[in-house]
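Visitor: build me a structure from this.
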Amino acid sequence: MEQKIHQGRNVKRFREMLGIKQEALAFDLGEEWNQKKISILEQKDVIEDDLLKAISNALKIPVEAFQNFDEQQAINIISNTVNNNDNANGNSLFSYYPTVNPIEKLVALHEEKIALYERMLKEKDEMMDRLEKLINK
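Guide: Purely as a prediction, here's the structure:
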């Protein structure tokens, strides 16, 4: 049995992952939107293309993410591709030798952390601008 993708639920998932409240998304979509309309929208199986594009612009997420993301499929892919080195090949755990230089890995993780902080600061500034616009409205 083929499972359909629930676009409204995907909008809710991505909105929550970004830490955006329904009220903020409603503000970004325009004056005719409010929190209750966003709640109803997130319950819809299929969302009109023009509205999905507006949501995509507001959340800065590609339209295809809302149209194609299937949580169960993602879980299946992850569970089938993750290798946790749990002695599945019959060798003892002591025969596993990492091939990654730990110092290089630490430097890479540190650079990722800095990039994440910079993105978070940028998103905070954008959110502050949105809030200022909302307050001054």
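Visitor: where does pLDDT dip in the protein?
Guide: 1-3, 71-101 (pLDDT under 70).
Visitor: and the helix ranked longest in the chain, what other elements does it pack with?
Guide: Longest helix in the chain, counting residues (DSSP state H): helix 102-136. Other helices and strands packing on helix 102-136, by 3 or more Cβ pairs under 8 Å, 6 or more residues apart in numbering; DSSP states H and E, are helix 22-29. Yep, even glycine has a C-beta here, placed from its N, CA and C like the rest.
Visitor: show me what counts as buried in the helix it packs on.
Guide: Within helix 22-29, the residues scored as buried using 16 or more other Cβ atoms under 10 Å are Gln22, Ala24, Leu25, Ala26, Phe27, Asp28, Leu29.
Visitor: from what I can see Gly69 touches Arg9, true?
Guide: Quick fix: residue 69 reads Phe, not Gly. No: Phe69 lies out of contact with Arg9 (Cβ atoms under 8 Å); the separation is 9.2 Å.
Visitor: common neighbours of the two, please.
Guide: Residues touching both Phe69 and Arg9 (Cβ atoms under 8 Å, 6 or more residues apart in numbering): there are none.
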